[in-house]
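> Please work out how this folds:
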Amino acid sequence: MALRRRLRQTIFTLIGCTSVVVLIMAASDVAITLNAKGRVYQKVEELPAQQVGLVLGTSKYIGKTPNPYYTHRIDAAESLYQAGKIEHLLLSGDNAHRSYNEPWTMKRDLRQAGIPEDRIHLDYAGFRTLDSVVRAKTVFSLVRYTVISQQFHCERALFLADVNNIDAICYAVPSPQGWAGIKIRAREVLARTKAVLDSFILNVKPKFTGPKEPISGVSNSKD
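Numbers count the residues shown, from 1 in each chain. Modelled structure (predicted):
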């Protein structure tokens with residue numbers, strides 16, 4: 001009887017803990033979506049003009065196949081610059097080793113698209129969304145900018161911007177559909193939960209702070 005009672009208590013405890021975790025994950029997901037409402041744009045003509053666009057990095061290829069997440073972000077960065085919606089591009093991504101350099105790859109493709117060299121700026125320490133968003137302020141002295149990424153990513157980036165007192169909006173580019181989109185969305189729930197914990201519980205900071213590198217000609221005031 002004692003063993004049965006202990007087993008029952010253990011099961012109830014596990015169910016309770018699981019329920020709390022699921023509730024936290026669901027609440028984080030919904031809260032981050034609602035927080036971004038009204039600040040994510042999908043039409044170029046409706047996007048307010050800003051001085052800087054922050055392009056969040058990802059790999060150009062998945063295996064040997066072009067990565068649509070990357071392609072859409074680069075195409076959007078070019079379109080927004082040509083439309084006069086942004087004047088400078090801050091390309092932030094992972095620079096894990098010499099053969100994998102997201103910022104440099106993005107710069108190469110944007111230069112080939114005709115974006116001038118002096119309008120492109122690189123952040124080689126954008127290892128995570130948190131690093132990219134916060135370093136744009138702490139290293140590049142930006143307190144206002146437009147994030148360029150997919151909708152789900154935009155919403156999380158705007159949450160991180162708010163936590164760090166950054167005035168950001170986002171231009172959402174198309175997201176892959178079907179099974180690939182479902183898998184990414186499931187992973188995003190975990191990423192959002194981590195973003196909330198990192199911000200309010202763990203107080204996680206960017207891996208590298210680095211020296212100040214203000215972008216010439218860009219205002220660093222919210223006024």
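
> What is the longest helix seen in the chain packed up against?
When the chain is parsed with DSSP state H, its longest helix is helix 2-35. Under the contact definition 3 or more Cβ pairs under 8 Å, 6 or more residues apart in numbering; DSSP states H and E, helix 2-35 sits against helix 151-163, helix 178-200. C-beta coordinates here come from the backbone N, C-alpha and C atoms, glycine included.

> now for whatever helix or strand comes next after it, which elements pack on it?
Next in sequence after helix 2-35, counting helices and strands by DSSP states H and E, comes strand 40-41. With contacts defined as 3+ Cβ pairs under 8 Å, 6+ apart, the packing partners of strand 40-41 are helix 151-163, strand 167-173.

> picking up where we left off before, Throw the helices and strands packed on helix 2-35 into JSON lines and include mean pLDDT, thanks.
Output for those, formatted as JSON lines (pLDDT from 0 to 100):
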{"stretch": "helix 151-163", "mean pLDDT": "98"}
{"stretch": "helix 178-200", "mean pLDDT": "91"}
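
> ranking those helices by burial, who's on top?
Mean neighbour count (mean count of other Cβ atoms under 10 Å) peaks for helix 151-163 among these, with a mean of 22.

> And the contacts of it?
32-33, 35-36, 39-40, 42, 56, 129-130, 132-134, 147, 149, 167-172, 175, 184-185, 188, 191-192, 195-196, 199 (Cβ atoms under 8 Å, 6 or more residues apart in numbering).

> Now the buried members of the residues you listed.
32-33, 36, 39-40, 56, 129-130, 132-134, 147, 149, 168-172, 175, 184, 188, 191-192, 195-196, 199 (16 or more other Cβ atoms under 10 Å).

> circling back: quick one: the helices and strands packed on helix 2-35 as CSV, columns for distance to S216 too.
Shown next, in CSV, are those (distance: least, Cβ to Cβ, whole Å):
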stretch, distance to S216
helix 151-163, 23
helix 178-200, 31
